[in-house]
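Student: here is my input; please provide its structure:
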Amino acid sequence: MARSFEAGQAVRVRDDYPPGHIRTPVFIRGKRGVITRDFGEHDNPEITTYELEGPQKTLYVVRFRQIDVWPDYAGSKGDTLDIDIFEHWLEPA
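Tutor: Numbers count the residues shown, from 1 in each chain. Take a look at the predicted model:
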């Protein structure tokens with residue numbers, strides 16, 4: 001199956017707040033990062049938590065600079081944060 005994104009590609013996390021069980025952290029929504037890894041196809045926990053079936057989604061690792069996530073971050077400008085995010089939460093940056 002063709003993947004939506006590839007390693008090294010810049011992405012933005014959707015800035016959306018739907019009701020229900022959401023696996024994407026609120027603090028990362030709307031932020032830009034870079035794909036570092038593709039974990040392949042997995043069941044979408046936003047659907048399976050309700051004991052429903054749906055299409056599998058690609059799970060990616062997205063790397064964010066901590067200064068971009070938290071503007072008052074006092075650590076090194078090179079510090080990063082990696083978060084697993086499903087493809088339907090991502091869009092090209």
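
Student: can you pull the pLDDT of Ala2?
Tutor: Looking at Ala2, its pLDDT reads 61.

Student: typo on my end, Pro45
Tutor: 82.

Student: over to the one 10 residues further on?
Tutor: Confidence per residue is given as pLDDT, and for Pro55 that number is 87.

Student: likewise the one 4 residues further on?
Tutor: In this prediction, Leu59 carries a pLDDT score of 95.

Student: now find how far off-centre the helix or strand bottoming out on mean pLDDT in the chain is within its chain.
Tutor: Least confident helix or strand, the chain: helix 45-48 with a mean of 80, by mean pLDDT, DSSP states H and E. Distance of helix 45-48 from its chain centroid, counting by CA atoms, centre = their mean, to the nearest Å, is 15 Å.

Student: so what does the helix or strand following that helix touch, helix or strand wise?
Tutor: Note on helix 45-48: by DSSP states H and E, the next helix or strand toward the C-terminus is strand 57-65. Counting contacts by 3 or more CB pairs under 8 Å, 6 or more residues apart in numbering; DSSP states H and E, strand 57-65 packs against strand 10-13, strand 32-42, strand 80-86. Every C-beta, even on glycine, is put in place using the N, C-alpha and C of the backbone.

Student: okay, these in a markdown table with mean pLDDT, distance to Tyr60 and mean neighbour count next?
Tutor: Below are these laid out as a markdown table (pLDDT from 0 to 100; distance: least, CB to CB, whole Å; neighbours: other CB atoms under 10 Å):
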| stretch | mean pLDDT | distance to Tyr60 | mean neighbour count |
| --- | --- | --- | --- |
| strand 10-13 | 98 | 8 | 18 |
| strand 32-42 | 95 | 5 | 15 |
| strand 80-86 | 96 | 6 | 17 |
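
Student: and these as CSV, adding distance to Trp70?
Tutor: Below are these laid out as CSV (distance: least, CB to CB, whole Å):
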stretch, distance to Trp70
strand 10-13, 15
strand 32-42, 14
strand 80-86, 9
